[in-house]
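> A predicted structure for the sequence below; I have some questions about it.
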Amino acid sequence: MTTRIVGVFARREQAEQGIERLIGQGIPEREINVIMPAAKEGQQLSAAEAGGTAVGAGALAALGFASLAIIGIGPLIAAGPFAAALVTAANANRRHAEALAQLEEVLAHSGLSEAQARAYAQRLGEGNSIVAVDVADDQVDAIAEIFHQSGGAGLDYRPTDQL
């Protein structure tokens, strides 16, 4: 059986560190979902945004990030199964309320309750990053520790058979 762990990271660097540690722990890239704010002017580009050319960029670049902008949230980068749905949301909606509703729907389809999806969408709007990963039940404690050591907070656990 597997469990989806979702965490919020206040800073992009924390989320990137967590992702690198997850990959280093042997978590397949296809099991990692990421939504994070894109780099702002004057901010260093992440390895993913730099096209994997930065030192140590291989782990993040391997996720295949997509760039998008959601009205009311701003520019984001996303990877994993969330990415395709979010790109669709960004392209299909032009009004703030519709874009936020679509983002919440994408998050809800990932197995979160509507209330959790709304809260995570709000956190994204505040500049936080969201990382979700599906892991075997015997890995949950180790992966949760990686999230915590990297600055992840507000962890949510959901068995994937309930998604």
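Perfect, thanks for sending it. Numbers count the residues shown, from 1 in each chain.

> Going by C-alpha atoms from here, please, whenever you check contacts or count neighbours.
Will do.

> Secondary structure of residue 6: a strand, I assume?
Yes - using DSSP: H, G, I helix; E, B strand; the rest coil, the assignment for residue 6 is a strand.

> Contacts only, for residue 153.
By Cα atoms under 8 Å, 6 or more residues apart in numbering, the residues touching residue 153 are 7-9, 147.

> ok, and the most crowded of those?
Within the contacts of residue 153, residue 147 tops the neighbour count with 28 neighbours, counted by other Cα atoms under 10 Å.

> low-confidence ranges in the protein?
Applying pLDDT under 70 to the chain flags the ranges 39-64, 68-73, 84-100, 110-111, 163.

> just the helices in it please.
Applying DSSP state H to the chain gives helices spanning 12-24, 58-61, 81-92, 96-109, 114-125, 140-149.

> ok, and for the last one, which residues are buried?
Of the residues in helix 140-149, those buried under the neighbour-count criterion (16 or more other Cα atoms under 10 Å) are 140, 143-144, 146-148.

> The fifth one too?
Judged by neighbour count using 16+ other Cα under 10 Å, the buried positions of helix 114-125 are 117-118, 120-125.

> and residue 113, how many neighbours does it have?
Residue 113, neighbours per other Cα under 10 Å, totals 15.

> scratch that, residue 32 is what I was asking about
Here the number of neighbours of residue 32 (other Cα under 10 Å) works out to 23.
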